[in-house]
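Asker: test case, fold it:
(2 chains)
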Amino acid sequence: MRTIGLVALHVFRDSVRDKVLYSIVAFAVVLMAVSYVIGQLTAGQDLKIIKDLGLAAMSLLGLFIAVFIGIGLIAREIDRRSIYAVLAKPVRRHELLLGKYLGLVGTLFVNLAVMALAYYAVLAYIGATLPETALQAAPAPATDPRLLLAVLMIGLELALVTAVALFWSTFSSSALLSAGLTFGLYIAGQFGADLKNFEQVVTSPAAGLVGRALYYLLPNFAAFDIKAEVVHGLPIQPGYLALTAAYACVYIALLLTASVMIFARRDFK
Amino acid sequence: MYAIRTEGLTKHYAVGFSRSRPYVALDDLTLEVASGEVFGFLGPNGAGKTTTLKLLMQLIFPSSGRAWILEQPAGGVDLRRRIGYLPENPTFYDNVSAEELLGYFAALFGYRGAERARRVAALLDEVGLGAERRMQLRKYSKGMIQRVGLAQALINDPEVVFLDEPMSGLDPIGRRHVRDIILRLRDRGATVFFSSHILGDAETLCSRVGIVAAGKLVASGSLAEMVPFRIRGWDLVLAGMSGDAAASLAARGAAATALGDGRYHVVLPSTASSEEAIALATSIGAELVSMNPVRDTLEDFFLAQVQQGPRRAFD
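Answerer: Residues are numbered from 1 along each chain as shown, chains lettered A, B, ... in the order given. Alright, predicted model coming up:
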């Protein structure tokens, strides 16, 4: 456990200093500020638009961090051969892999926290400047604590994306290919509901079966999206969040197990 | 006790896409390195040196054969506590400093607190990076990274050190530095296994060498056994010599090549003694600038072995 912690700490230290990361977080903060301007253009809808845009920015930019730095964890390390020196130390391969995963998830959560702080600051400012009538007409308060649930779901989604990125990089020899595969799976995973109902829109039973199989096999990223419910003040079914969190944990555990098994026998040519 | 032992170590890779065939990167390597030796593992580029080191570090797995380090099967975590490894052309993490990198590696070996800080500082001083210890590695030159690589290989005070092309990317001062470190390791009883294609390094450092070509070990043994170091002739540089004198030298069996400004490079056969060589220079009225014996070198032996050696095999 100590070794995993040491690796995670090192990954955290290395990746929080990554210039790419700074630019992504800065971009997210700018985007949130810009959402304020956009909100001004749409009378009466400003708060909802700002909330929507802010969450979308966190989700999208978090995805970029998860993929690009996540791929860098293993694929780039193999590409650049920096993994050789580490694996010659008293570190088991699975300890390295799990440490790297935890380190990146830690980096992601810290970044999400920074973005969430900026987000709440923008919302608090708008809440203070909007007329009382507009605030009362809004479906939820400006600094609605339920927004944190949406942020938490984004965090879980990104933890799953990172596990996918790690999985591809354990056997792909190219960082670019791993990034492409992760993005591909992320996009496919957004169409979970469509895949589930695929058999109702196609005539071929085989195609329907393939659609259903893919629905169960691919990570269902759409399940983590509760932005609309939170922004519009709609109720979320009891137990939904816990079930989605459990789904993420099981899927991540399966991906990490598969990654560990592949990584354990990999030749670093 | 053997520090390193391999038995029929072989590594095949599949090459080609549609009709892949095995490429023999290392073929049946059986080798023994005694404890406390400095062993040079020599061969041209692509001969299988790095493959051997990666197999010993278990970065790749053998197709067949076995390897032991300090009498334990290669690759175990406990064994790795006792060995050090410098990969070929190492790279590390861009955003950390040398001090942080070595601190991280030292922590992986279980060093903590003040002992860890002391060890890191001492090693960075030893490789000449004391002043740059807090600089991020992205700003380091290739030679500085090589020094960091050497420091990280020694962080645990290893009993056996594996160095893959340790002189690569270093300037003459850096090379001297590495040579001194290897000699210090030898003096404190560590075993050093280093790969190189630079034979001068091996000649000055090694007690024994192995020569590998096209994936096969073509020779191994002590330098004295391999290379008799007998004198094959004399290399003279003479100054103030006339063209007639040069012609008279040729008549006496010595080959003279003009270097300009009345200086000549003269090669005498081994039949001449050193006294005769000096007398020859005096007899033609030339000034003797330098005189060196021409000996058998490891390079001659190496070239002969590699040229006679096997071609790369495809099964």
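Asker: which element is B:V306 on?
Answerer: Counting by DSSP states H and E, the secondary-structure element that holds B:V306 is helix B:298-308.
Asker: list the buried ones in that helix?
Answerer: By neighbour count with 16 or more other Cβ atoms under 10 Å in any protein chain shown, helix B:298-308 contains the buried residues B:L298, B:F301, B:F302, B:Q305, B:V306. Any C-beta I mention is one placed from the backbone N, CA and C, and that applies to glycine too.
Asker: remind me what that helix packs against, helices and strands.
Answerer: Contacts of helix B:298-308 with other secondary structure elements, assessed using 3 or more Cβ pairs under 8 Å, 6 or more residues apart in numbering or on different chains; DSSP states H and E, are made with helix B:199-205, strand B:208-213, strand B:216-222, helix B:223-226.
Asker: export the ones you listed to a markdown table and tack on mean pLDDT and distance to B:A286?
Answerer: Compiled in a markdown table, those are given as follows (pLDDT from 0 to 100; distance: least, Cβ to Cβ, whole Å):
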| stretch | mean pLDDT | distance to B:A286 |
| --- | --- | --- |
| helix B:199-205 | 82 | 30 |
| strand B:208-213 | 90 | 39 |
| strand B:216-222 | 88 | 40 |
| helix B:223-226 | 79 | 36 |
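Asker: just the ones you listed: most buried one?
Answerer: Each of the helices and strands packed on helix B:298-308 was assessed for mean neighbour count using mean count of other Cβ atoms under 10 Å in any protein chain shown. The highest is strand B:208-213, with a mean of 24.
Asker: enumerate the residues of chain B near chain A.
Answerer: With the criterion set to Cβ under 8 Å from any Cβ of the partner chain, chain B comes near chain A through B:13, B:54, B:57-61, B:77-78, B:80-81, B:83-87, B:89-96, B:100, B:104-105, B:107-109, B:136, B:149, B:152-153.
Asker: distance of B:L154 relative to chain A?
Answerer: B:L154 sits 12 Å away from chain A, taking Cβ to the nearest Cβ, to the nearest Å as the criterion.
Asker: got the angle between the helix holding B:V306 and strand B:208-213?
Answerer: In terms of direction (axes from the mean of the first three to the mean of the last three Cα atoms, to 10 degrees), helix B:298-308 departs from strand B:208-213 by 30 degrees.
Asker: what's the closest of the buried residues of helix B:298-308 to B:G262?
Answerer: Distance to B:G262 across those (Cβ to Cβ) is lowest for B:L298, with 34.8 Å.
Asker: OK, contacts around that closest one?
Answerer: Applying Cβ atoms under 8 Å, 6 or more residues apart in numbering or on different chains to B:L298 gives the contacts B:L42, B:L199, B:A202, B:E203, B:V209, B:L223, B:M226, B:V227.
Asker: now swap in A:L256 and tell me
Answerer: A:L256 makes contact with A:L97, A:L98, A:Y101, A:A163, A:L166, A:F167 under the criterion Cβ under 8 Å, 6+ apart.
Asker: host element of it?
Answerer: With DSSP H and E as the criterion, the answer for A:L256 is helix A:240-264.
Asker: and that helix, which residues are buried?
Answerer: Applying a neighbour-count criterion of 16+ other Cβ under 10 Å, the buried positions in helix A:240-264 are A:L241, A:T244, A:Y247, A:A248, A:Y251, A:I252, A:L255, A:L256, A:S259, A:V260, A:F263.
Asker: which ones are touching the closest residue to B:M1 other than its chain neighbours?
Answerer: In space, and not counting its chain neighbours, B:M1 is closest to B:S35: 5.0 Å by Cβ to Cβ, 6 or more residues apart in numbering or on different chains. Each residue near B:S35 by Cβ under 8 Å, 6+ apart is listed here: B:M1, B:Y2, B:A3, B:G189, B:T191.
Asker: do that again at 6 Å, thanks
Answerer: Residues touching B:S35, when contacts are defined by Cβ atoms under 6 Å, 6 or more residues apart in numbering or on different chains, comprise B:M1, B:A3, B:T191.
Asker: most neighbours among those, which one?
Answerer: Neighbour counts for the contacts of B:S35, by other Cβ atoms under 10 Å in any protein chain shown, peak at B:T191, which reaches 25 neighbours.
Asker: from what I see, that residue and B:V160 are in contact.
Answerer: Yes - applying Cβ atoms under 6 Å as the test, B:T191 and B:V160 come out as touching, 4.5 Å apart.
Asker: now do the shared contacts for those two.
Answerer: By the contact definition Cβ under 6 Å, 6+ apart, B:T191 and B:V160 are jointly contacted by B:A3.
Asker: how about the residues of the stretch 151-269 of chain A by chain B?
Answerer: A:D267, A:F268 (Cβ under 6 Å from any Cβ of the partner chain).
Asker: for the stretch 151-269 of chain A, what spans make up the strands?
Answerer: Counting by DSSP state E, counting those that start in this stretch, no segments of the stretch 151-269 of chain A form strands.
Asker: now the helices for it?
Answerer: Shown for the stretch 151-269 of chain A, the helices assigned by DSSP state H, counting those that start in this stretch span residues A:175-189, A:192-196, A:198-201, A:205-217, A:227-231, A:240-264.
Asker: repeat that for the stretch 1-150 of chain A.
Answerer: Under the criterion DSSP H, counting those that start in this stretch, the stretch 1-150 of chain A contains helices at A:2-16, A:19-41, A:46-71, A:77-79, A:83-87, A:93-129, A:132-137, A:147-171.
Asker: got CSV for the ones you listed, with mean pLDDT too?
Answerer: Conversion of the helices of the stretch 1-150 of chain A to CSV gives the following (pLDDT from 0 to 100):
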stretch, mean pLDDT
helix A:2-16, 89
helix A:19-41, 71
helix A:46-71, 83
helix A:77-79, 81
helix A:83-87, 93
helix A:93-129, 88
helix A:132-137, 73
helix A:147-171, 91
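Asker: hang on, the earlier thing: name the member of the contacts of A:L256 with the most neighbours.
Answerer: For the contacts of A:L256, counting by other Cβ under 10 Å, the largest number of neighbours falls to A:L166: 29 neighbours.
Asker: so who does it touch?
Answerer: The neighbourhood of A:L166, defined by Cβ under 6 Å, 6+ apart, consists of A:Y101, A:S259.
Asker: so how far is chain B from it?
Answerer: Here the distance between A:L166 and chain B works out to 17 Å (Cβ to the nearest Cβ).
Asker: what separation do you get for that residue and A:R92?
Answerer: 16 Å (Cβ to Cβ, to the nearest Å).
Asker: and if you look at B:E132?
Answerer: Summarising the geometry, the distance separating B:E132 from A:R92, computed by Cβ to Cβ, is 32 Å.
Asker: neighbour-wise, which of these two wins?
Answerer: Remark: of B:E132 and A:R92, B:E132 carries more neighbours, 19 against 15, as counted by other Cβ under 10 Å.
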